[in-house]
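Participant: Predicted model and sequence below, questions to follow.
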Amino acid sequence: MSGFSDNIMRLSGRMLSQYPAQRDWDGKLTMAPHPGIIPTFSIVTLSDNVPEQEIMKWNGWGYSDSKFLYNKKGQAEFTGKRYRLSGMIIPGLREWMESTFSANLQHKTPAAPILNSSAVQPPTLNEAFLKELKSTGIPFSHDAEDRVFRSHGHCLHEIFALREGKIGRVPDLVVWPNCHNDVVKIVELACKHNVCLIPYGGGTSVSSALECPPEETRSIVSLDTSQMNRILWIDEKNLTAHVEAGIVGQDLERLLNESGYCTGHEPDSMEFSSLGGWVATRASGMKKNIYGNIEDLVVHIKMVTPRGVIEKSCQGPRMSTGPDVHHFIMGSEGTLGVVTEVTMKIRPMPEYQKYGSVVFPNFEMGVACLREVARQRCAPASIRLMDNEQFKFGHALKPQVSSIFTSFLDGLKKFYITKFKGFDPNRLCVATLLFEGDREKVLQHEKQVYDIAAKFGGLAAGEDNGQRGYMLTFVIAYLRDLGMDYYVIGESFETSMPWDRVLDICRNVKARIVRECKDKGVQFPPLSTCRVTQTYDAGACVYFYFAFNYRGLSDPVHVYEQVEHAAREEILANGGSLSHHHGVGKLRKEWMRESISSVGMGMLKSVKDYVDPNNIFGNRNLL
Amino acid sequence: MTSTYKDSGTASLNDDEEFTDILEERRRNTDLGYALRTFNPQPYKGAPSCSTSDLNKAVLESQYLRYIAKEIALETGSSVEKVRQEARGILEEMSHNLQLGFIRLMAYTFNKVFKRLFRSIYVNMEGLNMLQQAIQESPVILMPNHRSYVDFLIVSFVLFTYDIPIPVIAAGIPLASMKVVGEILRRSGAFFIRRAIGSDKLYWAVLSEYVRTIVRTGCAPLEFYVEGFRSRTLKSVVPKLGMMDMVLEPYFKGEVFDITLVPISISYDRVVEESLLALELLGVPKPKESTTGLFKASRVLQEDYGCMHVNFGRPLSVRQLCEGKINRSEYNLIPRDLPQRPSTEIQDCVNWLAHLIVRTQEEGALISPWSLMACLLLQAPITTLTEEGLQWHGLTEKTLWLRKLVLDFRGRLNWPAHTPDSDVMSSTVALHHSIVHHKAGRVYLVQDGNPASQDPLSPEEKVMRTAAAVLMLVSYRNQALHVFVRPGILATAIHITKSTQKDELFSFFCFLRDVFSSEFIFIPGRASQDFDEACSLLQKCGAVYISQQEVTVLETGLEVLSFLQKLLQPFLESYQLIFRYLCENGAHVFTEKQFLPAVRNLATKLILSGDLHTFEVLSSDTQKNVLSALRRLEAVTKLRASQQNEYKVNKAAVRRTGDILSGKFPPESLHAIPDARL
């Protein structure tokens, strides 16, 4: 049960219609540079398995074939074949949507079905740049669809505008470099001809990072890294892999799995987001408790900047060589250059995985339990705590029948009768757990965590419940599109805070959202819910989900943005951070100075001024 | 509950506000049945039910108290355990022990007592409904004014009657030491605070954690007097900020989403302690709170005290009020369990809020016909009142004139509807037979004679006797003052400066506002709004004409202007006299103990010689207010090192202030321009 768009960047690499015709589709064998390193096939071979029609939505989340809809009987259904929920009826969803949002099947707000190319402004091309680019042989396109596709991320206002067929400033040109050297050439040309470059990875940004600055007068070139998607080598002695930065999460994991390894980095957007995007935004993965966040996983980074290429001279695991230059790159959000290659830690695939779940009588007890788990430093690979509203939401997403769900449903009934006794269904909340490692240790670990949970009134609520929670992570983002078909808009946002403020921030931000909606004239009570998604020694990461029925509002997106703005103010006033992993982009820029102080801003600015004095990487994120 | 009437002086806030007499039904039903009624209030939704022992435990085990205990142990060299033991003792002395059984007992007793004392107790139902709503949404702070001991549990009584959660109430420690009664109060929800806490760090820590915990958990509404104590003058008192700080901190630190403040205005036709208050102001010590004293006071039960009004104000959201005024992120970098001195921004905001509450209490108070008469009686020469008597006819006419002015000034008037004006007047005088009597078309001031005494009174004693009666009158006048203060100050500025220039009048207005800000409630930072309000009210009643630059006095307005100017005259005279005393007679360094009787002696002499026309300077309240005004103007400084409240006076500065006040110099020449810092 994850966010509506929880995510960083998204894949377009397999969107065949988006590829320039002259591409070379052959897979290429990359030779192992050193003994002991396994040569791997480039991921491009994958494209052979991907049929033509399998493309991405141009104005919504994910694959075109996968979406929620109401069938003829008025029941909610999830289409396609990709996910475990695919092809299933979800009987409770309609009632949940109707009761939560007062949404109604009669009140539809369908999206514009196809992109109207005439609504797209003709490209502003820099002829001299174009001429030299042609001579390099690097593929490019100024087709309207290609440009629109790379003009946005997945913020509500971006998708809402697309659904209405409204197109703002879009890139004038898209280029597809195939390797590090291609990027070097493109950046050199851009500097020479004063062209603005905006790196594009998976397109899953939720910080307005991909929006073209409307004030930009130069030609804007979107640098799509999707073709740089090879694992260049795997080093089994040091357990690292050297990977091109355009690879998307699920391909990286699958390819490594074939060799018996994994990175363990699993942001909710991993189906579509790219390695370069993770680095550029300081991404965080669900299983960071075992594998770490991106900053813990990265050993070496290569980035092309207007000043040249930046990289370290060795792959030492830790260095004391002044401030770590990697930290200028991580979180730079495409303002300094393009990350082209990354050496990452890898781990042998875990022997055993086990899901779990715990029900707590209330959210306060749940948070206290997570805090204790963090204190004892025994957090499983993942531990997430959802509040009561999300618990109910999870219930609404139960599919009708399926092997994995039947047992759970049966179990749940008993569960209600026996163990829920004494639990107020309007207060209880659920934690989902994922354990990983060798079998014996997992079982031991599991016992330790359940024992702690018991001290906080927590009752084990079964494996299926937990597994379902994680599985829904990937389909949940599709749900926003369904909502938008019926006057419901919403989004998620995240923050991090010290332990002692978790409850206060959760309570205050949720209450603020409700109050702001009321003040802004929203006619129906909003959905305002949260969950704790990560634990740290000194604090936690919390996600908020916020959606409302906008019937009766003349400018719903503006209202949405005002409420989200107020919610962020509330977070900051209560001691939460500006972002835990989504990044700043342009959406949260206004709070940067108060977040990192004027001196801090000056430090970042001076780096930008040195690295990119002519603002070639002109997406204007962050600063 | 059928008896309702409309507040005839509908103020700007709620038109057509209905008041209901809650005693009426009580009179029809048994007291016991009422006391034993089912009580099932809807509490604050976020609050887990929390017993008094849970509350005390939470306080004692709080991280904050642990931290302070450690700090104190380190400073004093005693053991942490010992300090914590001490904290436990403080908490024991302090904590409430609210029990429904005692609320019932209290309700039963109050029923008996109130039915004897008062003809009616009027409550605005709309305010109660809003309160009921508010209590479910966030922690609620009930903030009544405090004019009489009678109102100590009145709010609890009303809330019990209407099935709303009973508050815990901050009370002064002397109440706790009353035998039996102290315990009854404690079990009715009172918690007790020592009077002079001073720099007792542990006591502050226990108290503040106790208060914060109540607010944080929302386990019960919290009631406290933002004025700090019972007003002896029936005039609003400049708010105290200690409790206010503690109460608001959970919001500033984000521990609660919002806090709701409910100003409550309690007004009396006649105050039970009227004569005691006057004597106390004249330096006759107030009787110690004791149970026997309470029984002795039971003779007051024989008297008629008219009606009482409890006006529940509109609930105010702290969050909304503070929006844009403060930045709460200053609390982000220190663990919230640790003490942190709030920034001046936060302090100013707390001060502003406290003043706003008191102003709102004032606006919600009902003004009785008697208050209007008191205003007028005090403008008559004293010999007229004591000897010749004031013409009844003239007084009636003038009171009706004043009624119209109060309505013009948007005051809330409690003037009985459907009753001939003459009946209202005479019943009012009858109710206040302890102060005036009406004989043969004339009204006389009643002076508490002492016929048993053989010795004739000395002239000084006679002055004090008259003063006691006058100060009683003064206190009833004070109940109406808030309506007249702003236009009154403008009228005074016009009178003193003889200017018509708006900017000159404004700067004198600001000066007066600053000088008298211990005397009247002015919301900090709102000088120009106050000025605008004064201008518009005077224009509205036809007293002045206001143009872009000028304020022109109209012929038709002389009566209003002279009334207003005379209304504030006693304050000006009193302040001038004390300034004079400080410049001419006093030493450079003095204590409060020397100051009060010395001023009183000088004033008595001048009254006897006919050089002083006001008795108000004899009031210790006025004397203390002058001191704090001078301290604010930095003409008097309190000596830090001094044990017995010593003050040092800068005579030149005092003289200068006096000269400006009498119009010799324009106020710009004062060292600090009022409001410049706001």
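Facilitator: Done, it's in.
Participant: and whichever residue of the stretch 351-500 of chain A sits closest to chain B, how many neighbours?
Facilitator: Residue of the stretch 351-500 of chain A nearest chain B, by Cβ to the nearest Cβ: A:Asp500 (6.5 Å). (C-beta placed from N, C-alpha, C; glycine too.) When neighbours are defined as other Cβ atoms under 10 Å in any protein chain shown, A:Asp500 has 15 of them.
Participant: That one belongs to a helix?
Facilitator: Yes. Counting by DSSP: H, G, I helix; E, B strand; the rest coil, A:Asp500 is part of a helix.
Participant: Could you report the separation of it from A:Glu594?
Facilitator: Separation of A:Asp500 from A:Glu594 (Cβ to Cβ, to the nearest Å): 21 Å.
Participant: Would you map the strands across the stretch 101-250 of chain A?
Facilitator: A:140-141, A:173-175, A:196-200, A:220-224, A:231-235, A:240-244 (DSSP state E, counting those that start in this stretch).
Participant: closest one to chain B among those strands?
Facilitator: strand A:196-200 (32.6 Å).
Participant: Only the C-alpha atoms, please, for that closest one, written as PDB.
Facilitator: Taking Å, rounded to 0.1, in the frame of the first residue of the first chain, the C-alpha atoms of strand A:196-200 are listed here in PDB:
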ATOM      1  CA  CYS A 196      20.500  24.100 -21.600                       C
ATOM      2  CA  LEU A 197      20.700  20.400 -20.600                       C
ATOM      3  CA  ILE A 198      18.200  18.600 -18.400                       C
ATOM      4  CA  PRO A 199      19.200  15.000 -17.500                       C
ATOM      5  CA  TYR A 200      16.300  12.500 -17.600                       C
END
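Participant: partner residues bridging B:Val436?
Facilitator: According to DSSP bridges, the partner residues bridging B:Val436 are B:Leu445.
Participant: right, and it touches B:Val429 too?
Facilitator: Yes. Counting by Cβ atoms under 8 Å, B:Val436 does reach B:Val429; the two are 5.9 Å apart.
Participant: Tell me which of these two has more neighbours.
Facilitator: A count of neighbours by other Cβ under 10 Å puts B:Val436 above the other of B:Val436 and B:Val429, at 25 against 19.
Participant: any idea which element B:Met422 lies in?
Facilitator: One correction, residue B:422 is Ser, not Met. helix B:421-431 (DSSP states H and E).
Participant: tell me the mean pLDDT for that helix?
Facilitator: The predicted model assigns helix B:421-431 a mean pLDDT of 92.
Participant: List the contacts of it.
Facilitator: The contact list for helix B:421-431 (Cβ atoms under 8 Å, 6 or more residues apart in numbering or on different chains) reads B:269-270, B:304-306, B:368-370, B:373, B:395-396, B:399-400, B:415-416, B:436-438, B:443.
Participant: Tell me where the model's unsure across chain A.
Facilitator: Low-confidence segments of chain A (pLDDT under 70): A:1-54, A:401-421.
Participant: need the residues of it near chain B, please.
Facilitator: Along chain A, the residues adjacent to chain B under the rule Cβ under 8 Å from any Cβ of the partner chain are A:500-501, A:504-505, A:507-508, A:511-512, A:572-575, A:594.
Participant: on that earlier part again, which of the contacts of helix B:421-431 are buried, as a PyMOL select command?
Facilitator: Buried residues within the contacts of helix B:421-431, by 16 or more other Cβ atoms under 10 Å in any protein chain shown, are selected in PyMOL with:
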select buried, chain B and resi 269+270+305+306+368+369+370+373+395+396+399+400+415+416+436+438+443
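Participant: In strands, which of the contacts of helix B:421-431 fall?
Facilitator: Among the contacts of helix B:421-431, the residues falling in strands (DSSP state E) are B:436-438, B:443.
Participant: I'd like those residues written out as CSV, with pLDDT added.
Facilitator: Shown next, in CSV, are these (pLDDT from 0 to 100):
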residue, pLDDT
B:Val436, 93
B:His437, 90
B:His438, 91
B:Val443, 93
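Participant: Which single one of the residues of chain A next to chain B is nearest to A:Tyr83?
Facilitator: A:Ile505 (32.0 Å; Cβ to Cβ).
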